[in-house]
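1. how would this look folded up:
(one chain, ligands or ions: 1)
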Amino acid sequence: MQSPDLEYLVSRLLELLSTPSPTGNTEAAMKLLERELAALGLEWTRTRKGALGWTLPGKTEGKQVCFAAHMDTLGAMVKAIKPSGRLKLERIGGYDWGTVEGEYALVHRSEGEPLSATVVHINQSVHVHGNPENLKRDKHTLELRLDTITSSALETAALGVRIGDYVSWDSRATFVPTQGLQGYIKGRHLDNKAAVAVCLALSKAVLEGNIQLEHSAHFFISNFEEVGHGASSGLPDHLDELIVVDMAAIGEGQNSSEHHVSLCHLDSNGPYSRDLSLKLRAVAQKLELDLRDDLYPWYGSDGRTAWLSGQDLPIALIGPGVDASHAYERTHTDALEGTFNLMLGYLLEAK
Ligand SMILES: [Zn+2]
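-> Coordinates of the predicted model:
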């Protein structure tokens, strides 16, 4: 089995994680991806909506397989400037407010460098508000404190901060080795930059190893998945199959793990393609890959979006196990490697 260049995979993942890309403001991360594709000698296309695609050609009589992952992440937007000069926020994407309390953030003004900030509770100081038990965390009780001198709405507005400015969370992306080049990657937004980094590492391995693929591999990196319409347009024409690569959900009752690649048979929107899922499982068996079958009860993906937008394709969902999803997440290089192996194995082995 071909192995990914783990050093490359982890370093690009950390760089992607550290580049803000809340849904609606993903261009910096997309540009980073363009830079990496250019370094590999690949050409790419962009859709008018901002998604990015590239292709690794296979045998002409092979299938046209597309792997879809998403670059956009959770984030927030400035809802109002408070009389104190602090900011009221609205969420972008689905997460619990409690997961961002105390988080570092950047406010992306329309002009100028982003402003540093922190999410604080309006009754944060125990020395002022006493017993902190039963504090509610929501958009009314959490606010954004700017690390710039301001104590009024006028002063904050004078900094160029406007209603509608994007706010990104600090990923705090960190690699913790467990053995050699293997280890845990922890940080926000592994959903779904982990999969984007695997797509890059796979492309590098195919190009540098001169691997002749049975099937053409198209890669589609969407930029509006977290709000439900990422792959609704812009997928390449004439595809035979769509394999969505997105995080596997870990937790009580789940079969997924941070050390494995998962195959999701059903999420909140119903089942994925049985036929394509069984083909993926057959490839995993042939490769002796410990593929984790699973269902995700509270989950949606670009697969649903593609089907709802009228794609007449079998669609399956695979991906690396990510712990504490939509909060401060973690995965292991084992899961990234498993995802890489299943994707490459599919392009080489599937009928
Ligand atoms: Zn995702």
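
2. what mean pLDDT does the top helix by length along the chain get?
-> Looking across the chain with DSSP state H, the single longest helix is helix 190-208. For helix 190-208, mean pLDDT rounds to 98.

3. buried set for it?
-> 190-206 (16 or more other C-beta atoms under 10 Å). Quick note: C-beta positions are derived from backbone N, CA and C, even for glycine.

4. same question, stretch 322-338
-> 322-323, 325-326, 328-338.

5. then stretch 39-52?
-> Across stretch 39-52, burial judged by 16+ other C-beta under 10 Å covers 42, 50-52.

6. again with stretch 120-136
-> Buried residues in stretch 120-136 (16+ other C-beta under 10 Å): 120-121, 124.

7. check stretch 272-292 too.
-> When burial is assessed from 16+ other C-beta under 10 Å, stretch 272-292 yields the following buried residues: 272-273, 276-277, 279-281, 283-284, 287, 289, 291-292.

8. show me which residues of the protein are close to the ion?
-> 191-192, 246 (C-beta under 5 Å from the ion).

9. so what touches stretch 54-62?
-> 37, 42-45, 203, 206-207, 212-219, 236, 347 (C-beta atoms under 8 Å, 6 or more residues apart in numbering).

10. mind redoing it with 7 Å?
-> 37, 42-44, 203, 206, 213-219, 347 (C-beta atoms under 7 Å, 6 or more residues apart in numbering).

11. restricted to helices, list those.
-> Going by DSSP H, the helices hold 37, 203, 206, 347 from these.

12. put the alpha carbons of the lowest-mean-pLDDT helix or strand in the chain into PDB.
-> Taking mean pLDDT, DSSP states H and E as the measure, the chain has helix 126-129 as its least confident helix or strand, at a mean of 85. Extracted as PDB, the C-alpha positions of helix 126-129 are listed here (Å, rounded to 0.1, in the frame of the first residue of the first chain):
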ATOM      1  CA  VAL A 126     -16.300  36.100  39.100                       C
ATOM      2  CA  HIS A 127     -15.100  39.000  41.200                       C
ATOM      3  CA  VAL A 128     -17.800  41.200  39.900                       C
ATOM      4  CA  HIS A 129     -20.700  38.900  39.300                       C
END
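
13. what does it rub up against?
-> 123, 132.

14. what of stretch 342-351?
-> 2, 58, 65, 67, 202, 205, 213-215, 217, 245, 261, 279-280, 283-284, 286-287, 289, 291, 318.

15. among those residues, which are located in helices?
-> Cross-referencing the contacts of stretch 342-351 against helices under DSSP H gives 202, 205, 279-280, 283-284, 286.

16. what's the most distant pair in those residues?
-> With distances taken as C-beta to C-beta, the most widely separated pair in the ones in helices among the contacts of stretch 342-351 is Ala205 and Lys279, at 21.4 Å.

17. tell me where the stretch 151-300 of the chain has strands.
-> 166-169, 174-179, 182-187, 216-222, 241-245, 248-249, 261-267, 270-271, 292-295 (DSSP state E, counting those that start in this stretch).

18. and the last one, what's buried?
-> Which is strand 292-295. 292, 294-295.

19. on contacts alone, who are the packing partners of that strand?
-> strand 261-267 (3 or more C-beta pairs under 7 Å, 6 or more residues apart in numbering; DSSP states H and E).

20. give the pairing partners of the strand it packs on; include direction for each.
-> strand 270-271 (antiparallel), strand 292-295 (parallel), strand 315-322 (antiparallel) (DSSP bridges).

21. among the ones you listed, which comes closest to His229?
-> strand 315-322 (15.5 Å).

22. what comes up buried for that closest one?
-> Across strand 315-322, burial judged by 16+ other C-beta under 10 Å covers 315-322.

23. can you list contacts of the helix or strand just after it?
-> Sequence order places strand 329-332 as the next helix or strand after strand 315-322, per DSSP states H and E. Identification of contacts with strand 329-332 by C-beta under 7 Å, 6+ apart yields 184-188, 190-191, 194, 258-259, 320-324.

24. which pair of those spans the longest distance?
-> Pairwise distances across the contacts of strand 329-332 (C-beta to C-beta) peak at 20.6 Å, for the pair Arg188 and His259.

25. those two - which one has more neighbours?
-> Arg188 (25 against 17; other C-beta atoms under 10 Å).

26. need the contact list for the more buried one.
-> Contacts of Arg188 (C-beta under 7 Å, 6+ apart): 169, 171-172, 328-329.
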